[in-house]
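Asker: Structure here, sequence nowhere to be found:
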């Protein structure tokens, strides 16, 4: 059994607009506090590996936004992947990491839409239901993958800031 904690990045320094591949967008002070709270939540867990997206922000686009927002199963980012391709890549990576880390616990730091794609697969939900799952900034969702299948253990746990 491999346990995956899917962690969305904390609040960015530039918030309220699409950051895409904009360089130099890191975490705000609140974002760092959120992640510190998540680290506290995971402090008692045995974490064997951590993986993170190479991008600073999830690549999003304003073009074809309606199609992207309403019909994820057939939409594609201009010049990029379709939502189905994103999900295939995420699920393939989870199974690859399960083989690399059998019976271990792994933290994967990624972006909201990527985490949703994995959760939709784990829950057996169609891609077009992506908006039914909240993946808040600095939230933690946990799934378990083993020989008997995949199981969602926790969904969208938010850090509790003082």
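Answerer: Perfect, thanks for sending it. Keep in mind the model is a prediction, meaning the values are calculated, not measured. Numbers count the residues shown, from 1 in each chain.

Asker: Which parts of this protein are helices?
Answerer: Along the chain, counting by DSSP state H, helices occupy 29-42, 65-70, 83-100, 112-123.

Asker: I figured residue 133 hits residue 155, correct?
Answerer: Yes. In terms of C-beta atoms under 8 Å, residue 133 counts as a neighbour of residue 155; the distance is 7.2 Å. (Each C-beta comes from the backbone N, C-alpha and C, glycine too.)

Asker: Now the common contact residues for those two.
Answerer: Residues touching both residue 133 and residue 155 comprise residue 119, with contact defined as C-beta atoms under 8 Å, 6 or more residues apart in numbering.

Asker: what ranges of this structure fall below the confidence cut-off?
Answerer: 15-25, 43, 53-71, 75-79 (pLDDT under 70).

Asker: Give me the residue at the spatial middle of it.
Answerer: For the chain, residue 115 is the residue whose C-alpha lies nearest the centre (C-alpha atoms, centre = their mean; 2.6 Å).

Asker: For the lengthiest strand in the chain, list every residue counted as buried.
Answerer: Counting residues, the longest strand in the chain under DSSP state E turns out to be strand 149-157. Buried residues in strand 149-157, counted by 16 or more other C-beta atoms under 10 Å: 150, 152, 155, 157.

Asker: Looking at these, spot the one nearest residue 8.
Answerer: Proximity of those to residue 8, judged by C-beta to C-beta, is greatest for residue 157, which lies at 10.7 Å.

Asker: returning to what we had before: let's have the helices of the chain in JSON lines, adding distance to residue 5.
Answerer: Shown next, in JSON lines, are the helices of the chain (distance: least, C-beta to C-beta, whole Å):
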{"stretch": "helix 29-42", "distance to residue 5": "7"}
{"stretch": "helix 65-70", "distance to residue 5": "27"}
{"stretch": "helix 83-100", "distance to residue 5": "12"}
{"stretch": "helix 112-123", "distance to residue 5": "10"}
